[in-house]
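Colleague: model the following, please.
(one chain, ligands or ions: 2)
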Amino acid sequence: MPPRFPATRLDRPVSKEPDRLFAQPLSQVPDFAFNEDVVRVFPDMIKRSVPGYPTIVENLGVLAAQFAQPNTTLYDLGSSLGAVTQALRRHVRTEGCQVIAIDNSQAMVERCREYLNAQNSMFQELLPVTVIEGDILALDFEPASVIALNFTLQFIPPAQRLELLTRIHQALVPGGALILSEKLRFEDDQQHDLLTDLHIAFKRANGYSDLEIAQKRSAIENVMKPDSLEENRDRLLAAGFSKVVPWFQCLNFASMIALP
Ligand SMILES: Nc1ncnc2c1ncn2[C@@H]1O[C@H](C[S@+](CC[C@H]([NH3+])C(=O)[O-])CC(=O)[O-])[C@@H](O)[C@H]1O
Ligand SMILES: O=C(O)C(=O)Cc1ccccc1
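Modeller: Ligands and ions are numbered 1, 2, ... in the order given. The predicted structure is shown next:
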């Protein structure tokens with residue numbers, strides 16, 4: 001019998017179940033939700049859907065090691081299965097730090113805890129971690145040096161994004177940073193259409209059919225609302241951040257560092 005969680009190149013045990021959630025024609029496509037069905041295929045889904053995702057996650061650990069300050073908290077907001085938390089723990093060795101991962105999907109949180117237990121049993125001297133099932137909009141932040149919002153803000157109702165970022169800014173200590181990754185929309189229609197077509201080509205190259213791509217798009221269109229890079233930058237500045245530095249973009253997915 002093969003082990004239930006074979007170790008990957010990154011020493012991270014992940015489900016290998018392929019994403020076929022939208023492969024059959026659905027008479028009505030329900031709104032996308034982070035439920036048990038999604039959790040089972042999530043590692044495959046996110047890798048085949050988000051160009052640059054593995055690079056962003058691994059380098060988030062590298063970036064975090066530069067910003068982590070002693071005796072502070074590192075947050076993984078909207079942690080899903082804890083890929084970012086695992087990267088933080090692979091890279092950050094700063095004295096007295098802890099990681100808090102939080103997600104409001106019970107199914108995600110349960111599986112995330114299993115994966116982090118597996119990481120605990122494979123490595124020593126990892127930062128302590130707490131996984132919370134809860135709403136990031138209701139979180140009381142501890143003094144923090146690294147806050148990761150890795151493809152989570154796009155699922156927060158647009159009217160609540162500025163207030164969340166303002167509270168994140170207030171929680172950050174000097175020398176810390178918010179790392180924000182988002183799908184982007186583009187203000188120039190031609191640029192938007194080109195990068196959207198290229199994203200569809202990326203998905204097709206990763207084995208998704210036209211039907212899967214179309215049904216997934218209609219599932220997410222009511223729940224995931226991307227902003228442009230300019231909107232993201234302006235909102236971060238309005239929240240009190242002093243500097244916004246994009247550090248990665250692959251097609252219509254980008255990640256930026258925001259300094260307090
Ligand atoms: N209000 C909320 N409070 C808490 N969690 C929330 C909220 N709204 C949505 N979520 C959670 O945010 C996560 C977004 S996925 C993040 C990927 C991960 N960061 C990764 O790097 O692998 C992005 C994607 O699937 O495109 C889901 O797990 C939601 O349950
Ligand atoms: O699949 C897409 O088109 C996306 O934009 C990204 C995504 C990835 C995983 C869950 C929801 C959205």
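Colleague: run through the residues of this protein sitting next to ligand 2.
Modeller: Met45, Ile46, Ser49, Val50, Lys183, Lys216, Ile220, Met224 (CB under 6 Å from any ligand atom). In this view, the C-beta of every residue, glycine as well, is placed from N, C-alpha and C.
Colleague: same for ligand 1: which of those residues are within range?
Modeller: Residues of the residues of the chain next to ligand 2 in contact with ligand 1 (CB under 6 Å from any ligand atom): Ile46.
Colleague: tell me the one of the residues of the chain next to ligand 2 nearest ligand 2?
Modeller: Of all the residues of the chain next to ligand 2, ligand 2 sits closest to Ser49, with 3.5 Å by CB to the nearest ligand atom.
Colleague: the closest one reaches Lys203, doesn't it?
Modeller: Yes - counting by CB atoms under 8 Å, Ser49 touches Lys203, with 6.3 Å between them.
Colleague: where does the protein dip in pLDDT?
Modeller: Low-confidence segments of the chain (pLDDT under 70): 1-13.
Colleague: and for the residue of it found nearest ligand 1, nearest residue in space, chain neighbours not counted?
Modeller: The nearest approach of the chain to ligand 1 comes at Gly78, 2.8 Å away (CB to the nearest ligand atom). What sits nearest to Gly78 in space, not counting adjacent residues and going by CB to CB, 6 or more residues apart in numbering, is Thr152, at 2.8 Å.
Colleague: that neighbour and ligand 2: what is the separation?
Modeller: The gap separating Thr152 from ligand 2 is 11 Å, by CB to the nearest ligand atom, to the nearest Å.
Colleague: now swap in Glu36 and tell me
Modeller: 15 Å.
Colleague: any idea which element the closest residue to that residue other than its chain neighbours lies in?
Modeller: Nearest non-adjacent residue to Glu36, counting by CB to CB, 6+ apart: Ala107, 4.6 Å away. Using DSSP states H and E, Ala107 sits within helix 106-122.
Colleague: likewise for Gly176?
Modeller: Assessed by DSSP H and E, Gly176 sits inside strand 172-183.
Colleague: list the buried residues for that strand?
Modeller: Leu172, Val173, Gly176, Ala177, Leu178, Ile179, Leu180, Ser181, Glu182, Lys183 (16 or more other CB atoms under 10 Å).
Colleague: from those, which is closest to ligand 2?
Modeller: Closest to ligand 2, out of all of the buried residues of strand 172-183 and judged by CB to the nearest ligand atom, is Lys183, at 5.0 Å.
Colleague: residues in contact with that closest one?
Modeller: Going by CB atoms under 8 Å, 6 or more residues apart in numbering, Lys183 touches Val50, Phe151, Gln154, Met224, Pro226, Asn252, Phe253.
Colleague: got it, and Leu26?
Modeller: Gln215.
Colleague: with the one 4 residues further on instead?
Modeller: Taking CB under 8 Å, 6+ apart as the contact definition, Pro30 lies against Ala219.
Colleague: cool, Leu139 as well?
Modeller: Leu77, Ile102, Ile132, Arg167.
Colleague: my read is that the last one contacts Asp140, right?
Modeller: Spelled out, it's Arg167. No - assessed by CB under 8 Å, Arg167 is found out of contact with Asp140, at 9.1 Å.
Colleague: which one of the two has more residues nearby?
Modeller: Arg167 (16 against 6; other CB atoms under 10 Å).
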